[in-house]
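A.B. asks: Quick one: sequence and predicted model below, then my questions.
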Amino acid sequence: MAILKIARMGHPVLLGRAAEVTGPTAPEIRRLVRDMEETLLDAGGIGLAAPQVYQALRLFLWRDGAEMRVLINPEITPLGEARAVAWEGCLSIPGLRGAVERPARVAWRGLDLDATPIHGEAEGLAARVLQHEYDHLEGVFYLMRMNDLTQLGFTEELARLAEESP
């Protein structure tokens, strides 16, 4: 296993639509997923998409509690009209956080590493992470989803302000 370099905003791999994974059980995909898992744990993140490690493929990992999950060739569908605003950060945009409005609940489906179809529903943080990582597969950053750029700031400044607020 290896810790991979994380692509930062500005690199072209992060701006295009990622390609479908045609062989989800291939050894190179399994190796990529293992390396992505190690990279995600090392970086302290909760989600990581293949384009973020310079692989323009439609797959991502996310932490679901203590479990690390993988979704290959995902589809994400909003459920209902409810929306929620919450702070997001990104390993490809280190040091910044922004308030982003997204659907509050989503349905997801795709393949696991054995090419078995999997599906589920998510809300709260899980729904947000799934949508954020899916956006990476479409070449979209959370900044592009922000309605109010005054709600963007450096992580340290936002944390300091939160400590000072009653």
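C.D. replies: Done, it's in.
A.B. asks: G65: neighbouring residues, count only.
C.D. replies: Number of residues near G65 (other C-beta atoms under 10 Å) recorded here: 7. All C-beta atoms are positioned from the backbone trio N, CA, C, and that covers glycine.
A.B. asks: next one: T155
C.D. replies: Neighbours of T155 (other C-beta under 10 Å): 13.
A.B. asks: Over to the one 3 residues further on?
C.D. replies: L158 sits with 18 neighbouring residues when counted by other C-beta under 10 Å.
A.B. asks: go on, D42?
C.D. replies: Neighbour number of D42 under other C-beta under 10 Å is 11.
A.B. asks: Mind listing what's buried along stretch 11-23?
C.D. replies: Buried residues in stretch 11-23, counted by 16 or more other C-beta atoms under 10 Å: V13, L14, A18, V21.
A.B. asks: by contact count, what packs against the longest helix along the chain?
C.D. replies: Counting residues, the longest helix found in the chain (DSSP state H) is helix 27-43. In terms of contacts (3 or more C-beta pairs under 8 Å, 6 or more residues apart in numbering; DSSP states H and E), helix 27-43 is packed against strand 47-49, strand 59-64, strand 67-78.
A.B. asks: quick one: average pLDDT of that helix?
C.D. replies: If you average the pLDDT over helix 27-43, you get 97.
A.B. asks: and what of stretch 139-148?
C.D. replies: Stretch 139-148 comes out at a mean pLDDT of 97.
A.B. asks: re earlier: in the longest helix of the chain, which residues are buried?
C.D. replies: I29, L32, V33, D35, M36, E37, T39, L40.
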